[in-house]
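Undergrad: Any chance you could fold what I've pasted below:
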Amino acid sequence: MDAQNKPQILEHLHKSLTVTLYDCKWIPGSAKFVTLGSYARNTGCLQVYELDGADLKTIREVEKPQPFKCGTFGASSLAERRLATGNFGGQLQIWDLESLQQPVFSAQAHASIVNAIDGCGGQAKGYGAPELVTCGRDGCVRVWDVRQQDAPVAAFEPADPNNIRDCWCVAFGNSYNDEERCVLAGYDNGDVKMFDLRMNKVRWETNVKNGVCGVSFDRKDIAMNKFVACCLEAQFHVFDARTQHPKKGFASVSEKITAGATVWGAHHLPQNREVFMVAAGDGSAYLYRYHYPDQRKVKDHEGLELGVAGSVELLNFKNLSTQPISGFDWSPDKEGLFVCVAFDQAIRVGIATKLNKV
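TA: Just a heads-up that it's a prediction; the model follows:
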């Protein structure tokens, strides 16, 4: 790609806080976002901000007993725009951002910290019930219907109670009709598992040899196309999910980021699923594009279909912080606009330009 058409990653504004920040999410259909984290006194901090030109206005801020680790709007309707959060006490909670005194939903999801959360089925696009998935240090992956408060609708527990692996990340995908839905989970020992929620069993699993810090499908609401697993030791893996071989599973391509830092997550551009931002432990953001191969599948020697992985191209990168980027979210409404938080206790709003040229 010539330099003239190369996307640029620009920092629009920067706000320093005295709060440890773990996650951030745009409020759909608005110029507002939320940040989640912990005050120095080890209590939870939930803040709502609004973009106002070159300024960032604090709309509201609340303190809760437990630090917040993660959040999602994925199971909420666009009318309600309710935020689901996971905290350090293992609680799953749903909040009405207009009235933050008490959660509208609360469940003890895990024995200790909720490491990650994702939502599906709540917004205008997508199918099936509005559901949340959580994972924790207890090694469990649990799926919750937001209309039922008593118990999870599905749970995937460690097979061996004497060998529990910390589950670091989860993501929904394959939700292209009212029956189909899958969950990806990544573990501290490098395991990646895909759970089929219709069949209530493991559909596929592999080990990528390094702890898995983030998993994500390129789109949740389509028949699964591809997904990314991000790891310790500067690596991420892109799997072609269109073709599953009975023995070899999904074809994949692996990439190593130049800095040698942990890859904390990959975030697909909502307006173009082939473009994704990788958030790294050195405080840098790496913008990639996936290129499909000429043929996405071939026949093996037994005549079975075998997927073919494509390639990834680094479009650009920018160092944003001296500390790991702990949370990143693209705006669902304005292409290229993003918010990220890092362990330097700062919020950054940025813009990736010329994405329509790639």
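Undergrad: So in terms of bridging, what pairs with the most centrally placed residue in the chain?
TA: In the chain, the centroid-proximal residue (Cα atoms, centre = their mean) is Ser216; its distance is 5.6 Å. Ser216 has these beta-bridge partners by DSSP bridges: Val228.
Undergrad: quick one, what contacts it?
TA: Ala171, Leu184, Phe227, Val228, Gly265, Ala266, His267, His268, Phe276 (Cβ atoms under 8 Å, 6 or more residues apart in numbering). Where you see a C-beta, it was placed from the backbone N, CA and C, and this is true even at glycine.
Undergrad: Gln66 versus the residue lying closest to Pro67 once chain neighbours are set aside, what's the distance?
TA: In this structure, Pro67 finds its nearest non-sequential neighbour in Ser38, 3.4 Å apart by Cβ to Cβ, 6 or more residues apart in numbering. According to Cβ to Cβ, to the nearest Å, Ser38 and Gln66 sit 9 Å apart.
Undergrad: between those two, what contacts are shared?
TA: Gly44, Phe88.
Undergrad: what ranges do the helices span in the chain?
TA: For the chain, no helices turn up when DSSP state H is the criterion.
Undergrad: Residue ranges in it under the pLDDT threshold?
TA: 1-3, 123-126 (pLDDT under 70).
Undergrad: Kindly check the end-to-end length of stretch 186-194 for me.
TA: Its first and final residues considered, stretch 186-194 spans 9 Å by Cα to Cα, to the nearest Å.
Undergrad: Count the neighbours of Asp188 for me.
TA: 17 (other Cβ atoms under 10 Å).
Undergrad: Excluding chain neighbours, what is closest to it?
TA: Using Cβ to Cβ, 6+ apart, the closest residue to Asp188 is Asp166 (4.2 Å).
Undergrad: In contact with the one you found, which residues?
TA: Remark: with contacts taken as Cβ under 8 Å, 6+ apart, Asp166 is in contact with Asn115, Arg137, Gly139, Tyr187, Asp188.
Undergrad: and if you look at Cys120?
TA: Gly74, Ala75, Gly126, Gly128, Pro130, Glu131, Val133, Phe172, Ser175, Arg181, Lys220, Asp221.
Undergrad: hang on, the earlier thing: from the contacts of Ser216, pick the one nearest Asp160.
TA: Leu184 (21.0 Å; Cβ to Cβ).
Undergrad: rewinding a little: show me which of the contacts of Cys120 are buried.
TA: By neighbour count, with 16 or more other Cβ atoms under 10 Å, the contacts of Cys120 hold Gly74, Ala75, Gly126, Gly128, Pro130, Glu131, Val133, Phe172, Ser175, Arg181, Lys220, Asp221 as buried.
Undergrad: Among the residues you listed, which one sits closest to Pro246?
TA: Closest to Pro246, out of all of the buried ones among the contacts of Cys120 and judged by Cβ to Cβ, is Arg181, at 21.9 Å.
Undergrad: what about Arg273, how many neighbours?
TA: Counted with other Cβ under 10 Å, Arg273 comes out at 15.
Undergrad: so it makes contact with Phe227?
TA: No: look at Arg273 against Phe227 with Cβ atoms under 8 Å: they stay out of range, at 10.7 Å.
Undergrad: Quick check: neighbours shared by those two?
TA: Asp218.
Undergrad: hey, where'd the strands end up in the stretch 51-200 of the chain?
TA: Along the stretch 51-200 of the chain, counting by DSSP state E, counting those that start in this stretch, strands occupy 55-64, 68-72, 83-87, 91-95, 105-108, 114-120, 131-136, 141-145, 154-156, 167-173, 182-187, 191-196.
Undergrad: Spatially nearest residue to Phe250, not counting backbone neighbours?
TA: Phe239 (4.3 Å).
Undergrad: In contact with the one you found, which residues are there?
TA: Applying Cβ under 8 Å, 6+ apart, the residues contacting Phe239 are Lys226, Phe227, Val228, Ala229, Phe250, Ala251, Ser252, Ala309.
Undergrad: Show me which of these is closest to Ile59.
TA: Using Cβ to Cβ, these come closest to Ile59 at Val228, 32.4 Å.
Undergrad: Apart from its chain neighbours, what residue comes closest to Pro246?
TA: Nearest to Pro246 is Leu304, by Cβ to Cβ, 6+ apart, at 6.5 Å.
Undergrad: What about that neighbour, how many residues nearby?
TA: Applying other Cβ under 10 Å, I find that Leu304 has 14 neighbouring residues.
Undergrad: How about the one 10 residues further on?
TA: Here the neighbour count serves as a burial measure; for Leu314 (other Cβ under 10 Å) it reads 13.
Undergrad: and if you look at Leu56?
TA: 17.
Undergrad: for it, which residues make a bridge with it?
TA: Beta-bridge partners of Leu56, as defined by DSSP bridges: Leu51.
Undergrad: do Asn87 as well
TA: Applying DSSP bridges to Asn87 gives these bridge partners: Phe68.
Undergrad: list the contacts for it?
TA: Taking Cβ under 8 Å, 6+ apart as the test, what Asn87 contacts is Gly44, Lys64, Gln66, Pro67, Phe68, Lys69, Gln93, Ile113, Val114.
Undergrad: partners of the first one in the sheet?
TA: Read that as Gly44. Bridge pairing for Gly44 - DSSP bridges - gives Ser38, Lys64.
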